[in-house]
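**Student:** Sharing a model prediction with you, sequence too.
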Amino acid sequence: MKYCFDVHTTLPFLAFRGLRAIAEKTVGESHILDLSQGEPGYGFSPNVRSRQFFAFLNLLDIAFNNHSQDNLFFQRKPSDLSDIETVVEKTAHEYFHPVKARELLKDWSTFILSLEEICDTQNLGIDRFGIYYELFKYSNLTGGRYPQPAGHPLLQAAMAEEYSKSLGVSVKAHELIGIMGASHGIGAVFQALGEEGIGFLQRGDTVAMTSPVYSPYNTIFEERGIEVLSLSVNPEDGSIMPEDTEVLKNSKKRIKAFILIDPNNPTGFPSSEAFLQAIADICEVHNALIITDEVYFPFFDTPKASIVQIPSAKKRTVRIDSLSKIERATGLRVGDIYVSDEANKYISYEILKDVLPKEYETVRNLFFLAKSPGGKNIGLFRHITGIPGPSVGMALSHIILGKAERAEYVQMLRQKVTVFYETLGIPHKGNSYYGMIDLSSIENATNAHRSIEEKLERIAERGVVVMPANLFFSEEDRKKKDRKNMIRVSLPNLSISDTAKAAMIIKEVLNS
């Protein structure tokens, strides 16, 4: 192969690695301007307050559990809280400067009071001693025990409360299945529904999906021999053609599931209420399952529309989410599969009634079992597939103490998106986090004959890494219009000045 990738055959998440290797060789690792993966941890420390507090939690975990096995700290009677608070106070002053110790103790108070309020709202029946116990028993936060497969109760409750506020619907802790990031959830759902699971989605079946879409979804269905009907989205403004929804609604082939990423990856655009209602109508006609990936939901002002807010859609929706993007911590690996009580009942007894074996009881239990590794042996390793203790502690710290920094991050991201488009000289039409650019629209005539592979390698030689986007589009879309000059850029990764610098380099290469 002449170049490090082939835009027609190389998966985007493999192509960028070759481009990054070129950039490393020409400018060095520390000077790369990487706009390929959505990996916002480059060059700065995210959520400083909550990360410092997590360090304090780790020290407390050691203090509470540094005992012989016959003298476990939490074997004391639940009514005695004073010894626990004494250890907290002593640890803060022993390891930190007095000013920092006071800050951490203040955050500790906020943290515990917030967890008490969350437990009360979620009707968990966990008192203050129970909160301490769930946090620190058996060195939980420092990885001293296997994860809890059903999910850590405090984290599930905290996430449920966050979703209740952002989605505008009541979410209960027991409706969430803890997963190690959205990719884990995607794999679990399709393992459960596919031939290695209950066989709801088999070779020759039909699903619907937006195009462009997060490219692994295309690969999932290609490998499984499942036909995909596309709802085409304009990659540069997020719009759809109303007639496309009518085609899907009137399809003679039964659409068994609709796959939705909202807000969209790779375009960065959120779905409008009208768009979501159209999907709900399509799925009502076909009695289809809705699988929605809403990882990028927090990057848009609330109340943003979610498909779970539409009654006819909520009852058939499985929602996948993750904290890694909004918390700027893609290595955190904390997420959930949300199946509401209403959806659990409807999907189990209406959509899957002919294929769901009695041994699995409900679809929520099926997904819980399928999130374990083991191929066809669903449930084989479920006892080790919860969220690990260190990630639980970090996630709780972020959720409860990171609100101000999250808001600041979203505003900073909006500045980056604006400066990127302004530097390229093309209009910004409301997308966030990601953007899709047709390089043909910004290059001069002398570069038009060059292959996309050559263009992206030349850009990489200047230190800028982007992702070729041809295979984010469905095969049907690629037949309608040439997409080989499309790229996807991830805009949280760099500082504002480096984002502008990367855009300027792209423009210079394409016009040189």
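**Tutor:** Looks like it came in fine.

**Student:** quick one: contacts for residue 341?
**Tutor:** Going by C-beta atoms under 8 Å, 6 or more residues apart in numbering, residue 341 touches 172, 175. For every residue, glycine as well, the C-beta is placed using N, CA and C.

**Student:** Ok, the one 5 residues further on next?
**Tutor:** By C-beta under 8 Å, 6+ apart, the residues touching residue 346 are 315-316.

**Student:** gap between the helix or strand containing it and the chain center?
**Tutor:** In this assignment (DSSP states H and E), residue 346 forms part of helix 341-346. Chain-centre distance of helix 341-346: 23 Å, with C-alpha atoms, centre = their mean, to the nearest Å.

**Student:** pull the CA atoms of that helix into PDB?
**Tutor:** The C-alpha coordinates for helix 341-346 follow below in PDB (Å, rounded to 0.1, in the frame of the first residue of the first chain):
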ATOM      1  CA  ASP A 341     -39.200  -0.100  34.300                       C
ATOM      2  CA  GLU A 342     -41.600   0.700  31.500                       C
ATOM      3  CA  ALA A 343     -39.200  -0.300  28.800                       C
ATOM      4  CA  ASN A 344     -38.100  -3.400  30.700                       C
ATOM      5  CA  LYS A 345     -41.700  -4.600  30.700                       C
ATOM      6  CA  TYR A 346     -42.600  -3.600  27.100                       C
END
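
**Student:** Counting by contacts, list what the next helix or strand after that helix packs against.
**Tutor:** Once the chain leaves helix 341-346, the next helix or strand it forms, by DSSP H and E, is helix 363-370. Helix 363-370 sits against strand 176-179, helix 182-193, helix 341-346, with contacts defined as 3 or more C-beta pairs under 8 Å, 6 or more residues apart in numbering; DSSP states H and E.

**Student:** which residues touch helix 363-370?
**Tutor:** Under the contact criterion C-beta under 8 Å, 6+ apart, helix 363-370 has outside partners 149-150, 175, 177, 188-189, 191-192, 197-198, 318, 337, 339, 343-344, 347-348, 352, 356, 360, 378-379, 382.

**Student:** List only those of those flagged as buried.
**Tutor:** Buried members of the contacts of helix 363-370, counted by 16 or more other C-beta atoms under 10 Å: 149, 175, 177, 188-189, 191-192, 197-198, 318, 337, 339, 343-344, 347-348, 352, 356, 360, 378-379, 382.

**Student:** hang on, residue 290 in a helix?
**Tutor:** No: assessed with DSSP: H, G, I helix; E, B strand; the rest coil, residue 290 is strand; it does not lie in a helix.

**Student:** Setting aside sequence neighbours, what's the nearest residue to it?
**Tutor:** Closest residue to residue 290 apart from its sequence neighbours, by C-beta to C-beta, 6 or more residues apart in numbering: residue 317 at 4.3 Å.

**Student:** Same check on residue 56?
**Tutor:** Using C-beta to C-beta, 6+ apart and skipping the chain neighbours, the partner closest in space to residue 56 is residue 104 (4.8 Å).

**Student:** helices and strands around the helix or strand hosting the one you found, which ones?
**Tutor:** Assigned by DSSP H and E, residue 104 belongs to helix 98-121. With contacts taken as 3+ C-beta pairs under 8 Å, 6+ apart, helix 98-121 sits against helix 48-65, helix 82-95, helix 128-136, helix 153-167, helix 389-401.

**Student:** one more time with 6 Å, if that's ok
**Tutor:** Secondary-structure packing of helix 98-121 (3 or more C-beta pairs under 6 Å, 6 or more residues apart in numbering; DSSP states H and E): helix 82-95, helix 153-167, helix 389-401.

**Student:** which residues touch that helix?
**Tutor:** Residues outside helix 98-121 that contact it (C-beta atoms under 6 Å, 6 or more residues apart in numbering) are 53, 56, 92-93, 126, 131, 154, 157-158, 161, 400-401.

**Student:** quick check, nearest of the residues you listed to residue 411?
**Tutor:** Nearest to residue 411, judged by C-beta to C-beta, of the contacts of helix 98-121 is residue 401 at 18.5 Å.

**Student:** what about the nearest residue to that closest one once chain neighbours are set aside, distance to residue 328?
**Tutor:** Of all residues not flanking residue 401 in the chain, residue 50 sits nearest, at 4.4 Å (C-beta to C-beta, 6+ apart). Distance, residue 50 to residue 328, using C-beta to C-beta, to the nearest Å: 11 Å.

**Student:** The host helix or strand of residue 405: what's the following helix or strand?
**Tutor:** Using DSSP H and E, the element containing residue 405 is helix 403-424. Next in sequence after helix 403-424, counting helices and strands by DSSP H and E, comes strand 434-438.

**Student:** What helices and strands are in contact with the lowest-mean-pLDDT helix or strand in the chain?
**Tutor:** Lowest mean confidence among the helices and strands of the chain (mean pLDDT, DSSP states H and E): helix 242-249, at a mean of 86. Secondary-structure packing of helix 242-249 (3+ C-beta pairs under 6 Å, 6+ apart): strand 227-232, helix 273-286.
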